[in-house]
Structures are given as C-alpha cells and as structure tokens.
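> After the sequence you'll find the predicted model.
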Amino acid sequence: MGVAEEIRQKLLPRFREMTTDRVEKISSALLELEKGAGGKELQEELARELHTLKGEARMMGFVGISTVVHAAEDVLKATGERPGGEPVQALLEACDALVPMIELPADGGPGAEGITARLKGIVESLGAKGGNGAAAGAVESAAAPEPEPERVPVPVPPAASVAPASPVPVPPAAAAATPTRPAPAPAEAPRPDPAARIELRGDKPTASIRVDVDRLDEIAALAGDVLVEGARAMRRTRDLTGLFARWNRLSDRVVALAERLRHDGMGGKAVEQLEGDVHLLRSDTFRFIRSHTESVQGAQTQFGLLAERVGSARLIPLSGVLAPFPRAVRDMAREQGKEVDCTVHGGETGVDKAILLSLNDPLVHLVRNAVDHGLETPEARAAAGKPRAGRVTITARTDGDLLALVVEDDGRGISPGAVRASALKKGIIGEQQAAGMSARAALDLIFMPGFSTREQAGETSGRGVGLDVVRKRVTALGGSVTFESEPGKGSRFTLRMPQSLSLMKVLLVRIDDDVYGLPAVDVDSVGRLDPKDVAEVAGIRAVRYRGKLLPVVALGPLLSLNGGPRHPRPNVAYVIHGAEGAAVVVDGLFGEREVAVKAPGAFLKGMRFVTGAAALEDGRVALLLSTPDLVTAARRLAAPAMSRGRDRRRLRILLVDDSAIAREAEAALLRSLGHEVDEANDGEDGWRKLQTGGYHVLVTDVQMPVLDGIDLTRRVKATPRFVRLPIVILSSLSAPEERRRGVDAGADAY
C-alpha cells in the first residue's frame with residue numbers, strides 16, 4: 001500500500017462520518033425549502049454544503065459522488081429560491097445514495113450514472129420551460145463536468161468554512177484506488193455512531209475526537225468509584241474528628257492534672273515539659289484536622305465534578321435520532337395522499353447512549369400512529385376547518401433530572417368511546433368492565449397488547465403492535481408515558497425518562513438492616529403514615545395524598561424480607577410514576593444521595609424489582625428498585641378481583657358517605673365490578689339525588705352530618721315510591737345494638 005492510499009484509508013472513517021452529517025443537513029435544508037421556509041439564506045447554506053461535499057469527495061478520490069453532487073448543484077441553481085415537486089424528490093433520493101457510494105468503486109457504479117442522468121434531465125426540463133435564468137448555464141455546466149485532478153487525499157476539515165490544504169499530485173492509480181465491497185441498499189447504509197464524538201467547546205473553534213464508547217463507559221465507571229471513595233474519605237474524616245475530640249478531652253485532663261501537681265508542690269521541670277508538650281500537640285492536632293478536612297472536602301468536590309463531566313460526555317445529542325423524522329414523515333404522508341409538516345425541536349438535548357439506542361422504536365411507533373391514525377386527509381381537514389397540511393411536532397427538553405420527549409399532532413384525536421368499543425370487540429375487556437370504565441381508563445387501553453382501532457392492517461400501522469411496545473420500552477428505562485387527546489383537536493404523547501443511567505440520585509431507605517434505593521425523581525415526598533389516614537375497604541388499604549387515592553404497600557413484605565414495619569406510625573415514601581403512584585412503607589429513611597449505578601450481576605439478574613446496585617461510603621451495597629414495578633405491584637395488590645361473569649346484572653347505585661377517601665375507595669370497588677355509581681357527601685345530599693329516581697340500590701354510611709344514615713334509611717322506607725329500594729348500610733360500627741338500629745330503620749343489609 002502506497003503512502004497516498006495509506007493516508008486515504010486513515011481518513012476514510014472521518015470522511016464517511018462527515019459525509020453522513022452533511023447529507024443529513026442537506027436533506028433537512030431541502031425539506032425546509034420545499035415548505036417555503038428559510039429563503040435565500042438557507043439556499044446559500046445548502047449551496048455551501050453541496051460545494052464542500054463535492055470538494056471533499058474529489059480529494060478522497062470518489063469521482064462518482066463528486067459528479068452526482070455537481071449535478072445536484074445545477075438542479076438547485078435551476079430551480080430558484082423555492083424548489084419543489086420532482087426536483088426536490090430527485091435531490092432527496094440522490095442524498096440517500098451518496099453515503100452507500102463510499103463503499104463502491106470510485107466512479108460510483110451504474111447507480112451514480114443513473115442519478116446524474118436524472119438530475120441533468122431535470123435541469124434540461126427546467127431550462128426548456130424557462131424556469132430560471134441560470135438554467136442554461138447550469139445545463140452547459142452539467143454537460144461538461146470539470147476535469148478531476150490527480151490528488152492525494154488530505155485531512156478533511158472539521159467545518160465547511162475551513163478551506164482544505166493544497167493538494168499534492170500523485171499517480172492516477174493511487175488517486176483512483178478504493179474499496180470494492182458490494183453496495184448495501186440505501187436504507188441499510190452504515191451510519192456512524194453519534195456517540196463516538198466528543199465536542200470540546202471553549203474560546204477555540206470546536207474540535208472533535210473519536211473515542212471508543214466502551215472505553216468512555218469504563219471511565220464513567222471509574223469516576224463513579226472515585227466518587228464513592230471520596231464519600232468514604234469524608235466518612236473517615238468524620239471518624240478521625242471524633243478520635244481527635246476524644247484526644248482533646250484526654251489532653252484537658254492531663255493539663256488539669258499537671259496544674260494540680262504544681263499547685264501541691266509536686267511539680268517540677270518534668271511536669272512543665274509534659275504540660276508544654278500537650279499544648280503543642282493539641283495545637284498541631286487542631287491544624288492538621290482543619291487542613292485535612294478542607295483537603296478532603298475539596299477532593300470530594302472535584303470527584304463530584306469529574307463524575308458529572310464524564311456523565312455529560314456520555315450524553316449524545318438527540319439530533320442523531322430525531323433528524324431523519326421530517327423526511328420520513330414526508331415520505332409516509334405522500335404514500336397515503338396526505339400533507340404533513342413535521343418539525344423537530346430540542347435536538348441538541350443530550351441523553352445517555354443506552355437510552356438513545358432504545359428511543360428509536362418508540363418514536364417510530366408514535367410518529368407512524370400520528371400520520372396513519374391521527375392525521376386526516378387534506379379534504380377531510382379542509383371540511384373540518386383545518387389547514388390542509390397536518391402537523392406533527394417532536395420536542396425534546398430537560399425536565400429537572402429527566403428527559404421529556406413530546407410527540408403531538410393536530411389530527412382527529414382519539415375518542416374514548418371508540419377505544420372502549422374496539423377493546424370490547426377484540427375481547428381485551430369484558431362487557432361489565434367496559435360499562436364501568438371511565439373515559440381516562442378507556443384511553444389507557446391503547447397501550448394494551450393487541451389493541452388497534454383499525455379493522456384491517458395497513459402498510460404503516462394497524463397490526464395491533466406499537467403503543468404497548470412504546471410503554472414497555474420506556475418503562476424498562478425507568479421512565480413513564482402519559483397521553484392526552486381531545487377529539488377533533490389532536491393527541492399528545494409525553495415520554496419521561498432519566499437522562500443518564502450511570503449516575504442517579506436516589507432516596508435510600510432501610511428494610512431491617514438492609515439498604516435500598518428509590519429513584520429520587522419518582523419520590524414526591526416522605527413522612528410518617530398515620531393509621532387514622534388509611535382507609536380500608538374490602539381489603540384495599542389506601543391513603544389520600546394531594547387529592548389522589550394511593551394504594552399503601554409495605555416494602556418489606558413485598559420483597560419477602562419481613563412482616564412489615566413495627567412502628568405504629570411508620571416511615572412512608574410517596575412515589576409518583578406517570579399518572580400512577582403508591583405510598584411505600586419502609587422501616588427507615590437515610591436521605592438522598594447521588595450514587596454510581598452498577599448493572600446487576602449474575603447473582604442479582606432477574607431479581608424482582610431490582611434494576612441495579614450502588615456501593616455506599618460505609619461499605620454496604622444498596623439495591624436500586626424499579627419505581628414502575630413497585631407501583632404496578634401496589635396497584636395489583638390493591639385491585640379487587642374483576643367479575644367477568646356475563647350473567648351479573650349491572651346496577652345503578654347511589655353511594656352516600658361523608659368521608660371523601662372512603663367514598664372514593666367504595667365507589668372504585670363498585671365500579672370495578674361493573675356497576676354505575678353516583679356519589680353523595682351526606683344524607684341530605686343523598687335524599688336530593690334519590691328524587692331523580694332510577695337507582696337500583698342505596699349504599700349509605702351511618703355517622704354523617706346534617707342527616708345520618710339511620711334517619712336517611714327511615715325516610716326512604718317511609719316513602720311509598722322508594723319502599724322497595726334495597727338499602728345497604730356500610731359502617732365500621734359493628735356492635736349488635738348498631739346492627740339492630742339499622743334493621744329497625746328498614747335496612748336490607750348491614
């Protein structure tokens with residue numbers, strides 16, 4: 001291998017990476033120009049990118065790429081400031097072919113010839129129509145491509161604005177030498193890993209180096225270990241301070257003893273020397289402990305900064321995942337005869353590589369559903385008073401320690417009734433469950449496996465897969481998916497997940513003598529759980545927290561570690577994940593820490609609820625728990641058995657109880673059994689609602705203000721039109737005399 005070819009082979013990975021980036025920029029610019037955005041400034045930037053790409057291809061000896069890009073420049077000149085239709089489509093398809101040409105012979109093969117011929121034909125067609133004054137010159141330029149000089153490849157500049165170094169002539173054979181591997185299909189073209197780039201920003205121009213991601217992961221792991229070692233050093237400093245405090249007390253006693261001996265006339269030179277040495281030692285000890293503490297604190301700060309910076313270096317811009325979506329949405333919409341404008345915001349937001357690699361499939365499913373299910377045809381949109389072109393927006397942003405990804409459209413939205421009917425038809429839910437299901441619960445069915453409102457599968461979606469995959473993938477990353485929709489207005493999906501999986505803030509909790517960690521982003525607050533705040537209905541234990549009813553679950557029994565906390569008012573962590581939550585009862589709290597997360601080894605792999613482990617400064621290891629799994633388990637333990645029998649009658653029930661938390665729990669239980677429930681907050685309110693008629697059963701508490709349950713029962717049974725209405729008294733007053741009062745009042749059950 002000659003010197004020129006050796007240099008070329010070293011530069012080839014860099015050229016492939018930069019060509020991929022330039023092609024993405026060119027494609028994005030073409031889409032913007034097609035929509036009429038950007039104007040002359042964007043067109044000039046596009047021309048610069050094409051010109052730079054052509055020059056780089058020539059320097060690397062890729063004659064085919066250079067020829068195609070040259071023809072693309074002519075098309076751009078001939079179309080004017082707003083290209084569209086066939087010219088843009090041809091330019092986009094040319095962009096698709098450029099990166100795969102790197103693996104072809106120097107001339108690009110027959111594909112390059114065909115693409116060049118098509119682009120020249122478009123220029124000639126535009127010139128024949130008199131579209132632009134530059135067309136004639138462009139045709140002439142395309143017909144006579146510039147001669148290719150014989151050059152040695154030189155380092156490709158990091159930015160388009162940097163001029164390449166002067167070429168050095170070499171023999172023609174060296175300039176034309178290229179790999180001759182077969183070309184992959186354009187859709188399967190190898191793409192550089194965006195993780196392999198670290199940008200160093202400062203006063204100097206941005207520079208890039210390629211770093212193996214596995215090596216960066218090793219550095220991140222070491223930084224995490226150093227952070228833990230710094231915490232251990234702080235702990236040892238505190239222990240050392242305690243030892244010096246004991247020495248200080250001992251030295252006080254020695255000095256006092258020396259003074260007493262001198263006072264009693266027993267002192268001498270030896271006692272004075274002992275007293276002087278003690279004072280000197282105390283002074284040296286004080287200076288040492290102060291200096292050592294400051295040093296350890298400074299080192300701990302630096303360790304934390306190191307771990308933070310390494311973690312930031314592992315964050316990859318989301319643009320590598322988000323950039324292709326505008327083009328993909330455009331092509332998908334064209335296939336379906338729709339007009340769609342896709343915009344992306346926040347592509348500069350960074351995310352951990354492990355998360356980035358798992359985001360593509362959920363985003364693809366959400367965007368496909370938006371185009372296929374959500375957005376209407378241009379005619380339907382015009383009839384509804386909307387712009388003919390639909391809108392899909394993908395937005396990335398940081399939300400505290402979380403990454404938030406939002407995919408929204410302005411389409412037809414999703415009807416809870418349609419979702420409920422489709423789920424019932426497909427057997428996902430039963431009739432009774434469908435009848436008692438709220439609109440919010442019905443919408444949540446779209447995440448069930450096998451669900452689809454489409455009767456027949458299409459090329460894009462409608463196969464009963466997709467949204468369940470979205471939730472599973474995001475939940476596996478410790479994230480959540482929330483969904484909002486308004487019929488006729490559109491839908492919005494929000495994905496929230498950690499930005500990084502290497503460092504995590506956790507709340508450390510204690511079960512017996514073991515330590516566990518809950519992700520701090522999911523912990524809303526902590527406190528003591530008062531038994532009087534807990535309501536229990538049909539075996540369900542729940543507590544009202546900030547307007548919501550959360551199931552109460554003891555972490556010890558859930559993990560099969562103990563029988564639950566022994567304290568009458570145990571510690572509790574209120575965890576919220578997405579729209580769901582739970583009150584997690586623990587034996588103790590250790591506070592919030594930032595820890596270095598270690599993947600579970602073979603011993604812990606597959607262990608229920610465990611997602612990783614973290615070393616603590618005292619030598620113990622904390623197991624990190626999955627909040628989604630804990631919340632799901634809490635809901636499963638709290639959920640009553642669903643009755644799926646089709647012979648059970650659906651009842652309309654009036655529930656009367658002055659306790660909001662008890663009323664909500666009782667109503668949820670009755671609705672889960674398929675019944676329709678109306679609620680009243682006291683006896684008088686219940687009596688007013690009863691006048692509307694149509695109730696099959698009255699369920700009432702006893703002790704209530706205004707009108708209690710006993711008097712309400714008497715009033716109902718004394719009214720002829722309600723005399724046959726069954727009344728059930730539901731109360732914690734279980735003494736025989738209380739039951740007798742209920743029966744005497746006319747209750748059918750107590």
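Received the coordinates, thanks.
> Mind jotting down where the helices sit in the stretch 401-550 of the chain?
In the stretch 401-550 of the chain, the segments counted as helices under DSSP state H, counting those that start in this stretch are 416-425, 431-435, 439-443, 467-476.
> can I get those helices in a markdown table with distance to residue 729?
Any C-beta I mention is one placed from the backbone N, CA and C, and that applies to glycine too. Formatted as a markdown table, those follow (distance: least, CB to CB, whole Å):
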| stretch | distance to residue 729 |
| --- | --- |
| helix 416-425 | 34 |
| helix 431-435 | 25 |
| helix 439-443 | 29 |
| helix 467-476 | 42 |
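> and among the ones you listed, the most buried is which?
helix 467-476 (a mean of 19; mean count of other CB atoms under 10 Å).
> Could you list every helix and strand that that helix packs against?
Secondary-structure packing of helix 467-476 (3 or more CB pairs under 8 Å, 6 or more residues apart in numbering; DSSP states H and E): helix 353-369, strand 480-486, strand 490-498.
> Adding mean pLDDT and distance to residue 117, write these out as CSV.
Listed next are these as CSV, based on pLDDT from 0 to 100; distance: least, CB to CB, whole Å:
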stretch, mean pLDDT, distance to residue 117
helix 353-369, 83, 34
strand 480-486, 86, 48
strand 490-498, 89, 43
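> closest to residue 693 out of those?
strand 480-486 (33.6 Å; CB to CB).
> list the buried ones in that closest one?
480, 481, 483, 485 (16 or more other CB atoms under 10 Å).
> So what touches it?
413-414, 443-444, 446-447, 470-471, 474-475, 491-497, 577-579, 628 (CB atoms under 8 Å, 6 or more residues apart in numbering).
> got it, and stretch 383-391?
Stretch 383-391 is contacted by residues 333, 338-343, 371, 374-376, 378, 381-382, 409-411, 488 when judged by CB under 8 Å, 6+ apart.
> which intervals of the stretch 201-350 of the chain have sub-threshold pLDDT?
Within the stretch 201-350 of the chain, the segments meeting pLDDT under 70 span 201-218, 220-221, 224, 264-268, 270, 311, 314.
> so where do the strands sit in it?
207-209, 315-317, 340-345, 350-352 (DSSP state E, counting those that start in this stretch).
> partner strands of the longest one, parallel or antiparallel?
Looking back up the chat, that one is strand 340-345. Under the criterion DSSP bridges, strand 340-345 sits next to strand 390-399 (parallel) in its sheet.
> Using CSV, write out every CA atom in the partner strand.
C-alpha atoms of strand 390-399 as CSV (Å, rounded to 0.1, in the frame of the first residue of the first chain):
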residue,chain,number,x,y,z
GLY,A,390,-51.4,18.3,9.2
ARG,A,391,-48.7,19.0,11.8
VAL,A,392,-46.5,16.6,13.7
THR,A,393,-44.2,18.1,16.3
ILE,A,394,-41.4,16.3,18.1
THR,A,395,-40.0,18.2,21.1
ALA,A,396,-37.1,17.2,23.4
ARG,A,397,-36.3,19.1,26.6
THR,A,398,-34.9,18.5,30.1
ASP,A,399,-37.4,18.4,32.9
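> Any of the contacts of strand 480-486 buried? List them.
Buried, going by 16+ other CB under 10 Å: 413-414, 443-444, 446-447, 470-471, 474-475, 491-497, 577-578, 628, out of these.
> picking that back up, can you select the buried ones from the contacts of stretch 383-391 in ChimeraX?
Buried residues among those (16+ other CB under 10 Å), as a ChimeraX selection:
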select :333,338,339,340,341,342,343,371,374,375,376,378,381,409,410,411
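> Roughly how far does residue 565 sit from residue 554?
Distance of residue 565 to residue 554, computed by CB to CB, to the nearest Å: 7 Å.
> Sorry, slip of the keys, the one I care about is residue 666.
23 Å.
> hmm, back to that, determine which two of the buried residues of strand 480-486 are furthest apart.
Greatest spatial distance among these (CB to CB): 480 and 485, at 17.0 Å.
> Hmm, residue 42 and residue 29 touching each other?
Yes - using CB atoms under 8 Å, residue 29 is in contact with residue 42, at 5.7 Å.
> quick one, which of these two is more surrounded?
residue 29 (21 against 16; other CB atoms under 10 Å).
> Give me the nearest residue to that one, chain neighbours excluded.
residue 46 (4.3 Å; CB to CB, 6 or more residues apart in numbering).
> coming back round to it: who's more crowded, residue 565 and residue 554?
With neighbours defined as other CB under 10 Å, residue 565 and residue 554 compare such that residue 554 has more, 24 against 21.
> thinking again about what came up before, I figured the residue nearest to residue 29 was touching residue 30, is that so?
Yes - using CB under 8 Å, residue 46 is in contact with residue 30, at 7.1 Å.
> Nearest residue to the middle of the protein?
Closest to where the C-alpha atoms of the chain average out (CA atoms, centre = their mean) is residue 497, at 2.8 Å.
> quick one: contacts for the residue nearest to it when sequence neighbours are not counted?
Distances taken as CB to CB, 6+ apart place residue 479 nearest to residue 497, at 2.9 Å, with adjacent residues excluded. Applying CB under 8 Å, 6+ apart to residue 479 gives the contacts 402, 495, 496, 497, 498.
> Common neighbours of residue 565 and residue 554, please.
residue 585.
> Give the full set of residues in contact with residue 589.
507, 508, 509, 510, 526, 571, 573.
> wait, the first one sits on residue 574?
No - at 10.8 Å, residue 507 and residue 574 do not qualify as touching, with contact defined as CB under 8 Å.
> Which residues are in contact with each of these two?
523, 526.
> Return the residues in contact with the closest residue to residue 399 other than its chain neighbours.
Closest residue to residue 399 apart from its sequence neighbours, by CB to CB, 6+ apart: residue 496 at 6.5 Å. Going by CB under 8 Å, 6+ apart, residue 496 touches 399, 402, 403, 404, 405, 479, 480, 481, 482, 578.
> How much space separates residue 496 from residue 577?
Distance, residue 496 to residue 577, using CB to CB: 9 Å.
> One more: residue 78?
Per CB to CB, residue 78 is found 56 Å from residue 577.
> next one: residue 368
Residue 368 is 26 Å from residue 577, by CB to CB.
> Now do the top helix by length along the chain and helix 353-369, the angle between them.
When the chain is parsed with DSSP state H, its longest helix is helix 213-263. Counting by axes from the mean of the first three to the mean of the last three CA atoms, to 10 degrees, helix 213-263 points 130 degrees away from the direction of helix 353-369.
> where's helix 213-263 relative to the chain centroid, distance-wise?
Centre-to-centre, helix 213-263 and its host chain are 41 Å apart (CA atoms, centre = their mean, to the nearest Å).
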